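> sequence first, then the predicted structure, then my questions.
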Amino acid sequence: MGEKPPIARPHHAWYILAASVVIELFGLGFGVFALTTVYPYIIETFPDWSRKIVFAPTSIVIITTAAMAPLTGFFLDRHPIRVLFVAGIVTQTVALLLFSRVTTQAGYLLVAVLLGLGLSGVTILPNQVLVSRWFHSRVGLVNGIVLAATALGGAVAPALVTRLIEATDWRTAFQLVAGLAFLPPLLVVLFVVRDRPAALGLTPYGVRPGAAPAGGRTLREAVRSSNFWALGAAMFLGGMPCYSYNKHILVSLREIGYGAIEAADLKSLFFVVSACSRLSFGWLCDRFDRRRMLVGHLACIACGYPLLLLVPEHRALLVPCLLLVGVGYGGLLPSIPILSVHYFGRAHLGKILGVYKIPYDIAAAGAPLFTAWLYDLYGSYAVAERWNSGFAWLGLAVALLALERAPVRAAVDDRTAPPLEARP
């Protein structure tokens with residue numbers, strides 16, 4: 001009998017993808033989403049604090065991350081990504097431990113700045129750049145998986161952290177969260193992550209050996225394109241309602257009569273839907289028109305958000321609202337790297353994404369504060385819900401009317417075209 005042929009090992013790119021999933025799940029998932037889970041308990045612990053103060057840490061974290069994004073992109077194009085990951089993990093862990101000890105408003109806000117600095121090293125941007133270096137086909141699916149891990153963290157964190165708090169207290173729970181945000185990501189960074197395929201003598205997944213280096217537009221060329229600005233505007237306008245929704249939903253549900261565990265589980269449902277949407281969005285973008293996919297997800301946000309106005313009197317509408325907004329929110333973030341590669345190529349992706357995420361992060365930071373300000377002003381969420389519904393419809397109009405339907409020459413179509421690196 002002849003010898004059995006050796007079993008082919010998976011390309012190391014798939015191990016890189018698994019490492020990015022772990023970093024996203026335990027980094028961002030147990031950083032930002034654990035933070036939003038504790039807000040009802042902060043309100044109870046510090047009843048004299050305004051809503052703007054209570055919700056400010058999320059905005060500070062996102063503003064800090066957004067401000068660091070161009071520097072992070074610059075660093076990623078020139079230095080080892082593992083250095084950035086380790087620095088981010090350690091900084092984030094220290095911030096979460098300090099958060100468990102805050103007693104003043106100043107300390108509360110300063111720790112949020114430190115947490116934002118840590119998240120800059122472990123959040124979406126470096127992971128998108130990492131997987132884009134290792135995968136030159138299946139781009140939509142891979143980005144969908146990475147971002148689904150973020151949403152999965154958002155699904156796990158509220159239910160887990162709420163139960164930890166109910167069993168102990170919020171300060172003890174955050175010490176446990178710090179451990180979760182530290183150990184699993186650090187292990188995969190040290191033992192799995194490598195900056196580029198060449199470090200292991202490999203070519204990126206989907207690229208033939210001997211293919212030419214990656215091509216594409218420079219940042220200067222990209223910002224001259226109307227697509228760059230239209231997509232940025234759509235991200236901002238679509239992000240406003242989404243980030244208002246996912247940051248205020250726990251407090252909002254508690255105020256209309258839902259219990260702590262029930263509200264946390266409903267928020268987890270929202271992020272489960274978002275995770276599934278991110279995964280399917282990436283898979284579908286490898287097969288269908290990517291602009292139309294974005295338009296469809298913005299339409300879900302625009303149609304789902306007005307239902308919030310009816311939920312206090314008609315609770316049966318809450319789950320349809322969660323499903324529609326969750327699907328739309330799930331497709332919004334992965335559209336940034338997918339459509340960036342689609343329109344501008346990969347050669348300068350670190351810089352482009354570093355600048356490109358700024359409008360999205362401004363929305364992510366501004367929406368919770370804007371909604372909190374309107375709540376303090378009017379004493380309810382009704383006015384904020386009308387504003388955010390308007391943002392969603394305007395974002396849909398921008399995507400429909402201002403984004404080009406056909407890709408530019410530098411774009412990559414993984415379904416029919418050879419990899420960009422193989423083109424003349």
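Thanks, I have it. Residues are numbered from 1 along each chain as shown.
> give me the number of residues near A316?
8 (other C-beta atoms under 10 Å). Using the backbone N, CA and C atoms, a C-beta is placed for each residue, glycine as well.
> check L71 too.
L71: 11 surrounding residues under other C-beta under 10 Å.
> once you drop chain neighbours, what's closest to it?
Nearest non-adjacent residue to L71, counting by C-beta to C-beta, 6 or more residues apart in numbering: G354, 7.7 Å away.
> can you pull the contacts of that neighbour?
Shown in contact with G354 (C-beta atoms under 8 Å, 6 or more residues apart in numbering): A69, P70, L71, T72, G73, F74, L76, L125.
> likewise for V311?
Contacts for V311 were tallied using C-beta under 8 Å, 6+ apart; they are I256, L317, L318, C321.
> so, low pLDDT: which residues of the chain?
1-8, 140, 208-218, 282, 286, 345-350, 356, 405-424 (pLDDT under 70).
> dihedrals phi and psi, F135?
phi -120, psi 120 (degrees, to the nearest 10).
> you'd agree it is up against L17?
Yes. The pair F135 / L17 is scored as a contact, 7.4 Å apart, by C-beta atoms under 8 Å.
> what is in contact with the two at once?
The contact sets of F135 and L17 overlap at V142 (C-beta under 8 Å, 6+ apart).
> does L97 touch T172 like I think?
No. Counting by C-beta under 8 Å, T172 is not a contact partner of L97; they are 11.6 Å apart.
> between these two, tell me which one has more neighbours.
It is L97, of L97 and T172, that has more neighbours when counted by other C-beta under 10 Å, with 17 against 13.
> can you tell me the element the closest residue to G232 other than its chain neighbours falls in?
Using C-beta to C-beta, 6+ apart and skipping residues adjacent in sequence, the residue nearest G232 is P359, 4.4 Å away. P359 is located in helix 349-378, with elements delineated by DSSP states H and E.
> what about A87, neighbour count?
Other residues close to A87 by other C-beta under 10 Å number 16.
> swap in P185?
Residues near P185, counting by other C-beta under 10 Å: 27.
> that one and L28 touch, don't they?
No. At 10.0 Å, P185 does not count as touching L28 under the criterion of C-beta under 8 Å.
> shared neighbours of these two, anything?
Common contacts of P185 and L28 (C-beta under 8 Å, 6+ apart): V122.
> contacts only, for V22.
V22 neighbours (C-beta under 8 Å, 6+ apart): A149, P184, P185, V188.
> thought C242 was touching G330?
No. Between C242 and G330 there is no contact under C-beta under 8 Å: 9.4 Å.
> near T103, how many other residues are there?
Number of residues near T103 (other C-beta under 10 Å) recorded here: 9.
> over to H79?
Neighbours around H79, by other C-beta under 10 Å: 11.
> can you check T203 too?
A count of nearby residues for T203, using other C-beta under 10 Å, gives 17.
> cool, and the one 3 residues further on?
Neighbouring residues of G206 were enumerated by other C-beta under 10 Å; the total is 19.
> ramachandran angles for it?
phi 90, psi 0.
> mind checking the SS state of the closest residue to it other than its chain neighbours?
Using C-beta to C-beta, 6+ apart and skipping the chain neighbours, the partner closest in space to G206 is S137 (2.8 Å). Three-state call for S137 (DSSP: H, G, I helix; E, B strand; the rest coil): coil.
> quick check: L98 touching G118?
No. In this structure, L98 is not within contact of G118 by C-beta under 8 Å, at 10.9 Å.
> which of those two has more residues huddled nearby?
When L98 and G118 are compared for neighbours, G118 comes out ahead with 26 against 16, by other C-beta under 10 Å.
> contacts only, for that one.
G31, G88, I89, V90, T91, Q92, T93, V94, A95 are the contacts of G118 under C-beta under 8 Å, 6+ apart.
> put the alpha carbons of the stretch of helix or strand it belongs to into CSV.
Per DSSP H and E, G118 falls inside helix 105-120. Taking Å, rounded to 0.1, in the frame of the first residue of the first chain, the C-alpha atoms of helix 105-120 are listed here in CSV:
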residue,chain,number,x,y,z
GLN,A,105,-15.5,63.0,38.0
ALA,A,106,-11.9,64.0,37.0
GLY,A,107,-10.6,60.5,37.7
TYR,A,108,-13.5,59.0,35.8
LEU,A,109,-12.7,61.1,32.7
LEU,A,110,-9.0,60.8,32.8
VAL,A,111,-9.2,57.0,33.0
ALA,A,112,-11.3,57.2,29.8
VAL,A,113,-8.5,59.0,28.0
LEU,A,114,-6.0,56.2,29.1
LEU,A,115,-8.5,53.6,27.9
GLY,A,116,-8.7,55.3,24.5
LEU,A,117,-5.0,55.3,24.2
GLY,A,118,-4.9,51.5,24.9
LEU,A,119,-7.7,50.8,22.5
SER,A,120,-5.9,52.6,19.7
